[in-house]
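# everything below, folded, please.
(one chain, ligands or ions: 1)
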Amino acid sequence: MKIGIDIDDTIADSYDSFLKCAFEYDKTLRNTGIVSKKRLYHYDFDWTEEEISNFYKVYFGRSFGGVTPKEDAMEILKKLKDEGHQIVYITSRNNMDTKFSAYDITMEWMRKYNVPYDEVITECNDKEAICLREKVDVFIDDSESQCTNTARNKDIMVILYDEFNMHVDYDKSPRANTWNEIYNIIKSME
Ligand SMILES: [Mg+2]
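Predicted coordinates:
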């Protein structure tokens, strides 16, 4: 099967990496700290549009390049790859008007941690469209809106990765709280 997978906060602890950089940067401003607990990255701080833009100009590489793979995700991804599945990462990461390349940073990270992959596609704002274009059989993401849209297509098995979505009311497709649960859902489709 062809499996389409999100990167940030699905196979990697991206929010934690972002926060490390964000707190450092926030201290150089008003040191207000987190003002919202929605886990919406820069929107969780009181930064202006200009301050957000300045943050990424400096911290883009460290924030996205410094993410740590989720251990249980790596184990299952290797198993899926060994079993012959094709793995394509579908991420909305983009260069955000900085000198950094989201694609290069992501590829470097993949190699550093030996993350199994067949293909990496960045700048995917409309993941439903990418899933259709790439003809994926399974799509896994922690974004409720991306899952809701993609789940409109009955030929795609969508799995909402649930770690940070427990409060979200969602019944469009299976939810999985761990990568072992994801593995079991995929196995049940074979
Ligand atoms: Mg994500």
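# please make it C-alpha for all contacts and neighbour counts, starting now.
Noted.
# for the residue lying closest to Q86 once chain neighbours are set aside, give me its contacts.
In space, Q86 comes closest to K2 once its chain neighbours are excluded; the distance is 4.7 Å by Cα to Cα, 6 or more residues apart in numbering. Contacts for K2 (Cα atoms under 8 Å, 6 or more residues apart in numbering) come out as H85, Q86, I87, V88, K135, V136, D137, V138.
# I3: what's it in contact with?
Contacts of I3 (Cα under 8 Å, 6+ apart): H85, Q86, I87, V88, V136, D137, V138, F139, I140.
# number of residues surrounding the last one?
It stands for I140. 25 (other Cα atoms under 10 Å).
# other SSEs contacting the longest helix along the chain?
The single longest helix within the chain, with elements called by DSSP state H, is helix 49-65. Applying 3 or more Cα pairs under 8 Å, 6 or more residues apart in numbering; DSSP states H and E, one finds that helix 49-65 makes contact with helix 14-27, helix 102-112.
# contact residues of this protein facing the ion?
D8, D9 (Cα under 5 Å from the ion).
# in the chain, which residue sits furthest out from the middle?
In the chain, counting by Cα atoms, centre = their mean, R30 sits farthest out from the average C-alpha position, at 29.2 Å.
# distance of that one from the ion?
Using Cα to the ion, to the nearest Å, R30 is found at 28 Å from the ion.
# a helix runs through that residue, doesn't it?
No - judged by DSSP: H, G, I helix; E, B strand; the rest coil, R30 forms no part of a helix; its state is coil.
# which residue does this protein have closest to the ion?
D8 (4.1 Å; Cα to the ion).
# does that residue have any beta-bridge partners, and if so which?
A12 (DSSP bridges).
# and it, how far is that from D46?
From D8 over to D46 the distance is 22 Å, taken as Cα to Cα, to the nearest Å.
# what's the answer for D104, then?
Taking Cα to Cα as the measure, D104 falls 30 Å from D46.
# okay, the two: which has more neighbours?
The neighbour count for D104 versus D46, taken as other Cα under 10 Å, is higher for D46 (18 against 13).
# contacts only, for that one.
T32, G33, I34, V35.
# cool, thanks, signing off.
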